[in-house]
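Chemist: 3D model of this:
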Amino acid sequence: VGEARCSGWVGAGMTNALTKRRIAADLLHCDREITRCAEHVCGPGEFAGALMGWADWQIERQIVEQSLPSLYGDFLARKRRVHAPTGFAGTFNGSMYPFQKHITEWALKLGRAAIFADCGLGKTLMQLEWGRAVVEHTGRPVLILAPLAVSRQTKREGSRFGIPVTICRSAADVTHGLNITNYEMLHHFNAPDFAGVVLDESSILKSYSGRIRNQIIEAFANTPFKLACTATPSPNDHMELGNHSEFLGVMSRTAMLSTYFNHDGGETSKWRLKGHAIKPFWEHVASWSVMLRMPSDLGFSDDGYVIPELRRHIHTVDTHAQEGCLFPVEAVDLSERRESRRISVNERVERCAAMVNASSDQWIVWGDLNIETESAADAIPDAIEVSGSHSDAHKEDTMMGFAEGNPRVLITKGRIGGFGMNWQNCHNMARLGLSDSHELMYQEERRCWRFGQAFPVDAHYFVSDRDAAVIRNIDRKRSQADDMAGSMMEAMRKHHA
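Modeler: Prediction:
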């Protein structure tokens with residue numbers, strides 16, 4: 001990739017203008033090379049050579065940081081990206097809460113923005129009002145991309161507030177106003193036809209393959225107005241914010257990594273914020289996004305936004321000791337965890353079904369494995385399962401019907417129904433086993449535990465006696481997510497004051 005080589009350092013005491021210009025030029029060169037190497041490390045090509053070059057250029061930059069901290073600080077300040085407004089002012093629905101109007105006004109004036117508001121804070125209304133204003137201002141249509149079944153829910157929400165929304169399957173269905181389709185349908189549309197685009201549940205970007213993620217980002221690269229909405233932009237990983245930054249056209253993911261992060265070693269997934277870059281990073285994020293868990297995070301009243309308690313219950317089933325062991329040994333690696341789930345399926349399903357069948361309330365039962373959801377559907381007579389093999393019509397009809405109280409019990413996977421649906425009509429959920437995804441757990445819980453819920457929510461987790469490592473990992477990720485959210489909201493309060 002290239003040998004790290006900059007002009008010679010004469011000494012930390014040299015502060016004349018020529019030296020500063022030379023240092024600034026060298027630092028810019030280092031930064032460009034780091035970005036090039038990071039692109040090769042994260043993409044196709046020779047990994048070993050790219051990683052070696054990346055490490056060399058990082059060392060070069062560390063020399064600058066340690067030898068000339070004040071000049072390096074000036075350099076970082078010049079590099080700092082603050083997102084400049086490109087939008088316009090608009091008028092909004094009188095039914096909006098003051099904090100919703102404030103956020104929507106800000107996002108519209110910015111032109112390209114992200115709303116990271118917790119579940120139940122009205123992201124759907126905000127994105128509908130934003131889209132309506134863009135249509136009126138430009139005279140051109142806006143496209144909303146959403147998870148399956150969320151399209152019909154969004155159309156219903158629009159009807160409540162007098163905002164027409166057209167559900168589209170292809171470009172032939174597009175109308176002059178607001179249009180919505182599923183992410184999987186994107187290839188049926190021509191992105192340049194739209195003045196604006198909204199990504200509903202935009203954290204779903206990282207769930208897609210690199211090809212589809214890149215398709216979304218590239219298709220709307222020149223779209224003048226963009227909005228990304230999710231409650232979990234990067235549940236416990238700062239790096240994921242790069243997906244949103246790149247979609248909005250603020251900074252590419254690789255440029256963000258090279259600017260604000262250090263690589264921890266040989267694994268491409270291990271990046272961490274540089275100590276001196278923590279504050280500049282959050283200032284950068286706050287320039288194009290807003291995050292809140294309560295209206296009071298932005299200085300508004302929390303009236304009407306009191307959420308009942310979430311009560312988590314762990315139910316542990318016993319398994320047999322492995323061969324050569326006196327008692328069951330904790331599952332550590334991925335293969336052991338899969339084995340733990342496989343051998344405990346019957347016991348976990350039996351205990352879950354007994355609890356659900358003894359109740360007359362609505363329940364949602366989550367699983368990851370086909371054998372878990374299929375066995376639960378067999379054991380719970382009035383349950384309806386939604387699986388990946390079912391038609392889109394069955395998925396949409398069942399999930400929308402569950403919001404109206406029928407079926408009483410819905411069984412599905414988080415990857416299918418865990419994003420975007422409003423099921424505060426239900427306050428009981430069960431999960432057959434645990435994965436290591438904190439975001440999936442959070443999103444599943446938030447389908448029921450959200451603003452508008454009238455009862456405490458009981459979340460029951462059925463695990464085996466070998467799953468302690470998974471539980472600890474989820475707890476660790478939850479703590480990381482809370483810490484990250486705290487840092488984000490502190491920067492947001494200063495930026496949006």
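Chemist: Packing partners of whichever helix in the chain runs longest?
Modeler: The helix that spans the most residues within the chain, counting by DSSP state H, is helix 468-495. The elements that helix 468-495 packs onto, with contact taken as 3 or more Cβ pairs under 8 Å, 6 or more residues apart in numbering; DSSP states H and E, are helix 278-286, strand 289-292, helix 438-448. Every residue, glycine included, has its C-beta placed from N, CA and C.
Chemist: could the ones you listed go into JSON lines alongside distance to Ala354 and mean pLDDT?
Modeler: Listed next are those as JSON lines, based on distance: least, Cβ to Cβ, whole Å; pLDDT from 0 to 100:
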{"stretch": "helix 278-286", "distance to Ala354": "46", "mean pLDDT": "86"}
{"stretch": "strand 289-292", "distance to Ala354": "40", "mean pLDDT": "90"}
{"stretch": "helix 438-448", "distance to Ala354": "21", "mean pLDDT": "89"}
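Chemist: can I get those in CSV with mean neighbour count and distance to Ile314?
Modeler: CSV is the format used below for these (neighbours: other Cβ atoms under 10 Å; distance: least, Cβ to Cβ, whole Å):
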stretch, mean neighbour count, distance to Ile314
helix 278-286, 20, 34
strand 289-292, 24, 30
helix 438-448, 23, 12
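Chemist: rewinding a little: quick one: work out the angle between the longest helix of the chain and helix 278-286.
Modeler: Counting by axes from the mean of the first three to the mean of the last three Cα atoms, to 10 degrees, helix 468-495 lies at 80 degrees to helix 278-286.
Chemist: quick one: low-confidence ranges for the stretch 1-150 of the chain?
Modeler: 1-27, 38-84 (pLDDT under 70).
Chemist: Kindly recompute the last result at 90.
Modeler: Applying pLDDT under 90 to the stretch 1-150 of the chain picks out residues 1-87, 89-95, 118-120, 147-150.
Chemist: Strands of that one, start to end?
Modeler: If DSSP state E, counting those that start in this stretch is used as the criterion, the strands of the stretch 1-150 of the chain fall at 112-117, 142-146.
Chemist: which one of these lies closest to Asp475?
Modeler: strand 112-117 (22.5 Å; Cβ to Cβ).
Chemist: which helices and strands does that closest one pack with?
Modeler: By 3+ Cβ pairs under 8 Å, 6+ apart, strand 112-117 packs against helix 98-110, helix 123-138, strand 225-229, helix 241-248, strand 289-292.
Chemist: among the ones you listed, which is nearest Leu186?
Modeler: Closest among the helices and strands packed on strand 112-117, using Cβ to Cβ: helix 241-248, at 12.9 Å.
Chemist: Show me how far whatever helix or strand comes next after that closest one is from its chain's centre.
Modeler: Going down the chain from helix 241-248, the next helix or strand is helix 253-260, by DSSP states H and E. Helix 253-260 sits 18 Å away from the centroid of its parent chain (Cα atoms, centre = their mean, to the nearest Å).
Chemist: In the stretch 351-497 of the chain, where is pLDDT below threshold?
Modeler: For the stretch 351-497 of the chain, applying pLDDT under 90 flags the ranges 388-389, 392-393, 396, 415, 417-421, 433-440, 442-443, 450-452, 464-497.
Chemist: at 80 what do you get?
Modeler: For the stretch 351-497 of the chain, applying pLDDT under 80 flags the ranges 481, 483-497.
Chemist: Neighbours of Phe419, how many?
Modeler: Residues lying near Phe419 (other Cβ atoms under 10 Å) number 26.
Chemist: Next: the one 3 residues further on.
Modeler: The burial metric for Asn422, expressed as a neighbour count using other Cβ under 10 Å, is 19.
Chemist: For it, give me phi and psi.
Modeler: phi -100, psi 100 (degrees, to the nearest 10).
Chemist: measure it to Met355 for me?
Modeler: 24 Å (Cβ to Cβ, to the nearest Å).
Chemist: now, of the helices and strands packed on strand 112-117, which is deepest in the fold?
Modeler: Stretch with highest mean neighbour count among these: strand 225-229 (a mean of 27; mean count of other Cβ atoms under 10 Å).
Chemist: Which strands or helices does that one pack on?
Modeler: Using 3+ Cβ pairs under 8 Å, 6+ apart, strand 225-229 sits against strand 112-117, helix 123-138, strand 196-200, helix 241-248.
Chemist: try it again with 10 Å
Modeler: The criterion is 3 or more Cβ pairs under 10 Å, 6 or more residues apart in numbering; DSSP states H and E, and the helices and strands that strand 225-229 contacts are helix 98-110, strand 112-117, helix 123-138, strand 142-146, strand 196-200, helix 241-248.
Chemist: That one - what's its average pLDDT?
Modeler: Strand 225-229 shows a mean pLDDT of 96.
Chemist: got the contact list for His427?
Modeler: 308, 310-311, 361-363, 448-449, 453-459 (Cβ atoms under 10 Å, 6 or more residues apart in numbering).
Chemist: Quick check: closest non-adjacent residue to it.
Modeler: With Cβ to Cβ, 6 or more residues apart in numbering as the criterion, His427 has its nearest non-adjacent residue at 4.2 Å, and that residue is Phe455.
Chemist: three-state assignment of the one you found?
Modeler: coil (DSSP: H, G, I helix; E, B strand; the rest coil).
Chemist: and the gap between it and Met294?
Modeler: Taken as Cβ to Cβ, the span from Phe455 to Met294 is 20 Å.
Chemist: who's more crowded, these two?
Modeler: Remark: of Phe455 and Met294, Met294 carries more neighbours, 18 against 14, as counted by other Cβ under 10 Å.
Chemist: any idea how far Thr124 is from that one?
Modeler: Met294 sits 18 Å away from Thr124, taking Cβ to Cβ as the criterion.
Chemist: again, but for Thr104
Modeler: Counting by Cβ to Cβ - Thr104 and Thr124 are separated by 12 Å.
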